[in-house]
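> missing the sequence, but the structure's below:
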Ligand SMILES: O=C[C@H](O)[C@H](O)[C@H](O)COP(=O)(O)O
C-alpha cells in the first residue's frame, strides 16, 4: 500500500467515526487532511451531513471552499466538536510534532477549541520516541526580528541545532500564514526530554509565538498501515 493510500484509509476511518451531523469541525493542514476533506465532502453529498468547517491554515481554507463545505471561524464557533489533523510524528505518549508544513500556530489554536483532537497519519509517523522517525526537528514559530536571539537561547537551554527554515520557491526564509519565521530545532536525540516542560520553557522565551510540540492534546490517532489496516492509539 502506498503512503497516500495509507493516509486515505486513516482519514476516512477517523472522519466516519468522529464526525456527526450538525457539528463544528476543525480542519487541519497538510497532505493527509486532504483525504479527510474529500470524505467530508462525500458524506455531505451522500448522506446530507451538516458540518461547519473551521480551517487551521490558508491551505485548509482553500480545501473547504473548493469542496463546497461550509466555512466557519472561531468568532462564530469558539467551541468545536472535533478537530481532525495530521502530524509529523506521534510518540508512545501521544506527544506530537506538528508544523512540518509550517501551520502549527493556527492548528494549535483550533485544536485547543475542540473537544477532541483526532490525528490521522500514515505508518511512518508512528514512533516510540520523538525524533525516531521524523528527522526535521521540532518546528518553532518565531517573530522574525527575534530569530537569532531565540536560536541562541534555545541552544543554550537544551542543546541541539536550530535551522531557520528556508522557502522553496522564493529566495529567503519561509514565512508562515501569520507572517512569522520557523526555526526547526534538531534536538539532541540522546536527551530524555520531558516535553511538557520543554514546551512550557520554549513558550516563555520572548518572541516565540508557538511550538510544534502538541502535548496532552490529542485524543486518538489513526495510522494507515502498509498492510491496509488502520492502527489506532489512545493515551
Ligand atoms: O504544518 C503542517 C501540519 O502540522 C501537518 O499537519 C503536518 O505537517 C502533517 O502533514 P502531512 O499530513 O502532510 O504529513
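Okay, I see it. Model, not experiment: these values are computed from the prediction.

> The lengthiest strand in the chain: which residues count as buried?
If each strand of the chain is counted by residues according to DSSP state E, the longest one is strand 114-122. By neighbour count on 16 or more other C-beta atoms under 10 Å, the buried set for strand 114-122 is 114, 116, 117, 118, 119, 120, 121, 122. Any C-beta I mention is one placed from the backbone N, CA and C, and that applies to glycine too.

> hmm, that strand in reach of the ligand?
No: counting by C-beta under 6 Å from any ligand atom, the ligand is not contacted by strand 114-122; separation bottoms out at 6.6 Å.

> ok, and does the helix or strand that that strand is followed by reach over to the ligand?
Of the helices and strands lying after strand 114-122 in sequence (DSSP states H and E), the nearest is strand 138-142. No: against the ligand, strand 138-142 shows no contacts by C-beta under 6 Å from any ligand atom, the least distance being 7.2 Å.

> Strand partners (parallel or antiparallel) of strand 138-142?
strand 181-186 (antiparallel), strand 208-211 (antiparallel) (DSSP bridges).

> So which other helices or strands are in contact with the longest strand of the chain?
Here strand 114-122 is seen to pack against helix 3-18, helix 33-47, strand 80-85, strand 220-224 when contacts are counted using 3 or more C-beta pairs under 8 Å, 6 or more residues apart in numbering; DSSP states H and E.

> which of those is buried the deepest?
Neighbour counts (mean count of other C-beta atoms under 10 Å) averaged over each of these peak at strand 80-85, with a mean of 25.

> partners of that strand, with directions?
Under the criterion DSSP bridges, strand 80-85 sits next to strand 23-27 (parallel), strand 114-122 (parallel) in its sheet.

> JSON lines for those, including mean pLDDT?
Listed next are the strands paired with strand 80-85 as JSON lines, based on pLDDT from 0 to 100:
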{"stretch": "strand 23-27", "mean pLDDT": "98"}
{"stretch": "strand 114-122", "mean pLDDT": "98"}
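
> a markdown table please, covering these and showing distance to residue 15.
Shown next, in a markdown table, are the strands paired with strand 80-85 (distance: least, C-beta to C-beta, whole Å):
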| stretch | distance to residue 15 |
| --- | --- |
| strand 23-27 | 9 |
| strand 114-122 | 8 |
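
> related to what we said a few turns ago, contact partners of the longest strand of the chain?
The contact list for strand 114-122 (C-beta atoms under 8 Å, 6 or more residues apart in numbering) reads 3, 6-7, 10-11, 14, 18, 26, 32-33, 35-36, 79-87, 90, 96, 111, 214, 217-224.

> which regions of the protein sit below the pLDDT cut-off?
Along the chain, segments meeting pLDDT under 70 are nowhere present.

> Get me the contact residues on this structure for the ligand.
Counting by C-beta under 6 Å from any ligand atom, the chain comes close to the ligand at 28-32, 85-88, 98-104, 107.

> quick revisit: can I get the strands paired with strand 138-142 in TSV including mean neighbour count?
Putting the strands paired with strand 138-142 into TSV (neighbours: other C-beta atoms under 10 Å) gives the following:
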stretch	mean neighbour count
strand 181-186	22
strand 208-211	22
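
> Throw the ones you listed into TSV and include distance to residue 163, thanks.
Shown next, in TSV, are these (distance: least, C-beta to C-beta, whole Å):
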stretch	distance to residue 163
strand 181-186	5
strand 208-211	15
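
> in stretch 152-165, what's buried?
By neighbour count on 16+ other C-beta under 10 Å, the buried set for stretch 152-165 is 153, 154, 158, 160, 162, 164, 165.

> ok, so of those, who is nearest residue 69?
Nearest to residue 69 among the buried residues of stretch 152-165, counting by C-beta to C-beta, is residue 165 at 29.9 Å.
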